[in-house]
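**Student:** everything below, folded, please.
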Amino acid sequence: MGQISVEHEDVVQRLRDGMVRGVLSFPLTSLRDDGSLDLESYRAYLTGRLATAPGAVFPACGTGEFFSLDEDEYRAVVRATVEIADGRFPVVAGIGYGWAQSVRFARTAEEAGADALLVLPHYLVEAPQAGLVEQLRRIAAGTSLPLIAYQRGQVTFTAESLRRMAEIPTVIGLKDGHSDLDRLQRLTLAAPDGFLFFNGAATAEIQARAYATVGVPAYSSAVHAFAPEIANAFFTTLQEGDDASVNKLLRDFYVPLVELRDRVPGYAVSLVKAAARLRGLPVGPVRAPLTDPGPGDLADLEKILDDGLNLVGAVRRPA
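**Tutor:** Numbering: from 1, shown residues only. Predicted structure coming up:
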């Protein structure tokens with residue numbers, strides 16, 4: 001990485017410590033039935049998530065429906081997250097669209113007290129490698145917060161591009177959602193010492209062991225948004241090398257969840273919100289263009305969730 005400030009070194013270390021301690025939490029954004037932001041419910045929901053000791057919290061990202069929030073709503077969500085986290089967890093807010101809009105969201109997050117930013121894939125167009133790096137340069141020029149690039153969808157970095165983006169002083173890491181482990185290994189080998197990598201595959205637990213073999217053990221957990229008991233049980237058994245318990249959780253909970261998720265586009269978020277509602281959590285519906293699951297899928301989701309919660313006691317060791 002380029003020469004970063006002492007403040008940014010502190011954020012990097014806090015993130016590194018958190019990655020070892022627990023899963024990365026991507027909270028849902030609470031909405032009312034009419035689609036408006038329900039900030040009071042969000043605060044109650046987030047307080048419960050943070051009580052389960054995640055490694056870091058990433059508000060207003062993909063799971064938090066960043067793509068449907070306006071700037072005022074975004075500001076309110078990030079500010080509430082910072083207040084509730086109260087310095088106990090790094091707060092990494094999502095930003096996105098084109099670089100100019102990303103800078104606007106970045107400055108809002110900075111004013112709200114976020115520690116760092118996750119740069120979500122830009123809108124619509126494909127772009128050459130030089131353009132992807134230049135986009136990060138322009139965002140970095142507009143905010144003092146450290147940046148984590150997210151390669152997913154139409155954004156994919158080469159090893160040479162990673163070397164160039166790592167020269168930007170405030171670019172501290174990369175989140176990967178492509179699951180191309182050959183390419184990812186090349187990126188980790190090209191990165192400077194101290195550069196952070198995150199497994200950002202959809203339902204990342206499915207591929208957590210594979211990612212760890214190329215040096216990327218940290219992962220985001222959508223399951224933590226509705227069942228931290230399951231997410232934390234998986235994290236613990238994976239760290240302990242308890243393959244039998246890992247396999248049981250994968251086979252009896254995560255794989256059925258992924259198979260249900262794959263039925264309908266957008267279920268990567270919609271099912272998470274539906275599962276949270278099944279547990280009585282105040283998150284409300286999704287916003288268009290996403291749609292909430294129908295009765296048949298909800299019944300299947302409820303069974304999968306019950307099975308997963310029943311597994312926790314079977315794999316969790318006594319304290």
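**Student:** where along this structure do the helices fall?
**Tutor:** Per DSSP state H, the chain carries helices over the ranges 6-21, 39-50, 71-85, 99-112, 129-141, 159-166, 181-190, 208-213, 228-239, 243-249, 255-261, 267-278, 295-315.
**Student:** among the ones you listed, which comes closest to Val92?
**Tutor:** Val92 lies closest, by C-beta to C-beta, to one member of those: helix 6-21, at 7.7 Å. Any C-beta I mention is one placed from the backbone N, CA and C, and that applies to glycine too.
**Student:** thinking again about what came up before, dump the helices of the chain to a markdown table, plus mean neighbour count and mean pLDDT.
**Tutor:** Formatted as a markdown table, the helices of the chain follow (neighbours: other C-beta atoms under 10 Å; pLDDT from 0 to 100):
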| stretch | mean neighbour count | mean pLDDT |
| --- | --- | --- |
| helix 6-21 | 16 | 89 |
| helix 39-50 | 18 | 98 |
| helix 71-85 | 19 | 98 |
| helix 99-112 | 19 | 98 |
| helix 129-141 | 18 | 98 |
| helix 159-166 | 19 | 98 |
| helix 181-190 | 16 | 98 |
| helix 208-213 | 16 | 96 |
| helix 228-239 | 21 | 96 |
| helix 243-249 | 16 | 97 |
| helix 255-261 | 18 | 98 |
| helix 267-278 | 22 | 98 |
| helix 295-315 | 15 | 95 |
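**Student:** how far does stretch 32-52 stretch from one end to the other?
**Tutor:** End-to-end distance for stretch 32-52: 25 Å, by C-alpha to C-alpha, to the nearest Å.
**Student:** picking that back up, what would the helices of the chain look like in a markdown table with distance to Asp33?
**Tutor:** Formatted as a markdown table, those follow (distance: least, C-beta to C-beta, whole Å):
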| stretch | distance to Asp33 |
| --- | --- |
| helix 6-21 | 35 |
| helix 39-50 | 12 |
| helix 71-85 | 16 |
| helix 99-112 | 27 |
| helix 129-141 | 35 |
| helix 159-166 | 42 |
| helix 181-190 | 41 |
| helix 208-213 | 35 |
| helix 228-239 | 25 |
| helix 243-249 | 34 |
| helix 255-261 | 24 |
| helix 267-278 | 11 |
| helix 295-315 | 16 |
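**Student:** closest one to Pro285 among those helices?
**Tutor:** helix 267-278 (7.0 Å).
**Student:** between the closest one and helix 295-315, how many degrees?
**Tutor:** Between the axis of helix 267-278 and that of helix 295-315 there is an angle of 70 degrees, by axes from the mean of the first three to the mean of the last three C-alpha atoms, to 10 degrees.
**Student:** neighbouring contacts of helix 267-278?
**Tutor:** Helix 267-278 is contacted from outside by 28, 45, 62-63, 65, 202-203, 222-223, 225-227, 257, 260-261, 264, 283-286, 290-293, 297-298, 301-302, 305, using C-beta atoms under 8 Å, 6 or more residues apart in numbering.
**Student:** so for Phe198, which of the helices of the chain sits nearest?
**Tutor:** Nearest to Phe198, of all the helices of the chain, is helix 6-21, at 7.7 Å by C-beta to C-beta.
**Student:** okay, the angle between that closest one and helix 228-239?
**Tutor:** 90 degrees.
**Student:** wait, Arg164 sits on Leu132?
**Tutor:** No. When contacts are counted by C-beta atoms under 8 Å, Arg164 is not listed as touching Leu132 (9.6 Å).
**Student:** run through the residues that contact Arg75.
**Tutor:** Counting by C-beta under 8 Å, 6+ apart, Arg75 has contacts Thr108, Glu111, Ala112.
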